[in-house]
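**Student:** Structure, please.
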Amino acid sequence: MNAYKHHREIILLGLPPVTAEVKGMWPNGYPVHKGETESSINFATLYAKNNGITADQQLLRREWLNFVATLLQAGFHLQIIPFPEELNRPGSLYHDAVFIRDGGLIFRGIWIKSRFSVKDRVLEGEFHSRLVESKLKKTVVSLPKGSYLEGGDVNYLETAGGSYYFGGLSRSNRKGHDFVREIIRPDNYILVESEGYHLDTVFTPVVTADNKLAALIIAGGSIKPDSLAQLRATGIPIIEVSAQDSSGSGDTLGDYSVNALIAPGVMVNCSRFSTPGVEETLQKLGIERYVAPLTSFKYAGGSVHCLTNEVY
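**Tutor:** Predicted coordinates:
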């Protein structure tokens, strides 16, 4: 067992309870959201809407329970916070709140609260903040006016070779990331423009058991050329994956394999990478792989990374 395996504490939001009025998760279908730009639309929910797909409640709950068991098996310590009763209301479209990643990020004793560019998600961000403040006793810090930041657009790492902050510029803006930068003060600060509605739908780092940043897995076709060049300029090895391992392309929905939770020597995602050679590369790097299928969550555009948030 490597020394860093149990180094991560993770918070999750539990599923909303089934009531007489609300019949589970996304009971009215998957809401279609987008931020300030056309490229920030959630392709998965649009796919579900166009194809008449609704959540299979029994499958969803089975997958979620297996997901929790898989995280425990992978060595993560979990704090599962009950779903806020106030959001479990008839006709509510705020059930994307289960994706607690998007609500903000924890750094030391504070919760940096997201400011959603998706107006329909503002309310769930309020509840995330209240829950983290009351359950984890963190001080909530809000972004200044004109700043936008959603947690799915942030990937922050503290490694043996320094700290790294990767920020997406899809539903978040530079002003939002710069505000966080002043708080965290990472050694490396890289902003990425992509067609993914959040950075974590096109990008995941890979960290080895000795806590070194060994590679970046990216859906290269979805990242703007200037940003791709900037990532390559870091000297960190790049592993490119197909659109199928991301959100998909055209009329084909992807698997969201790149939406992964990582820790030193560990990666948890919803499926094996279909791009040839990727799994073999991870094996050579000594990465312990854990897979928890999340079909029902895929149609909401989220997976393992979206459902989790680190307590730094």
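**Student:** buried sites along stretch 188-196?
**Tutor:** Buried residues in stretch 188-196, counted by 16 or more other Cβ atoms under 10 Å: Tyr189, Ile190, Leu191, Val192, Glu193, Ser194, Glu195, Gly196. Yep, even glycine has a C-beta here, placed from its N, CA and C like the rest.
**Student:** Between the two ends of it, how far is it?
**Tutor:** This stretch, stretch 188-196, spans 22 Å end to end (Cα to Cα, to the nearest Å).
**Student:** who touches it?
**Tutor:** For stretch 188-196, contacts defined as Cβ atoms under 8 Å, 6 or more residues apart in numbering pick out 39, 162-170, 174, 177, 181, 199, 202-203, 219, 222-224, 226-227, 230-231, 234, 246-247.
**Student:** again, but for stretch 82-95
**Tutor:** Applying Cβ under 8 Å, 6+ apart, the external contacts of stretch 82-95 come out as 13-17, 19, 21-22, 25-28, 31, 97-98, 120-121, 123-124, 127, 130-131.
**Student:** Which members of the residues you listed are positioned in strands?
**Tutor:** Leu13 (DSSP state E).
**Student:** Give me the buried subset of the contacts of stretch 82-95.
**Tutor:** Burial by neighbour count, 16+ other Cβ under 10 Å: within the contacts of stretch 82-95 this picks out 13, 15-16, 22, 25-27, 31, 97-98, 121, 123-124, 127, 131.
**Student:** which residues in the stretch 1-150 of the chain form helices?
**Tutor:** 43-50, 57-73, 122-136 (DSSP state H, counting those that start in this stretch).
**Student:** With mean pLDDT added, can I get the ones you listed in CSV?
**Tutor:** Output for the helices of the stretch 1-150 of the chain, formatted as CSV (pLDDT from 0 to 100):
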stretch, mean pLDDT
helix 43-50, 89
helix 57-73, 96
helix 122-136, 91
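**Student:** where does this structure dip in pLDDT?
**Tutor:** Within the chain, the stretches with pLDDT under 70 are 1-7, 34-40, 93-95.
**Student:** if you set the cut-off to 90 instead, what comes out?
**Tutor:** 1-8, 16-43, 45-46, 83-97, 117-125, 170, 194-197, 249-251, 311-312 (pLDDT under 90).
**Student:** Run through the residues that contact Thr295.
**Tutor:** Residues in contact with Thr295 (Cβ under 8 Å, 6+ apart) are Leu59, Glu63.
**Student:** what's the spacing between it and Val278?
**Tutor:** Distance from Thr295 to Val278, counting by Cβ to Cβ, to the nearest Å: 21 Å.
**Student:** what does Leu105 give?
**Tutor:** For Leu105, the distance to Val278 - Cβ to Cβ - is 27 Å.
**Student:** which residues of the stretch 151-300 of the chain fall in helices?
**Tutor:** Using DSSP H, counting those that start in this stretch, the helices of the stretch 151-300 of the chain run over residues 174-184, 225-233, 278-284, 295-298.
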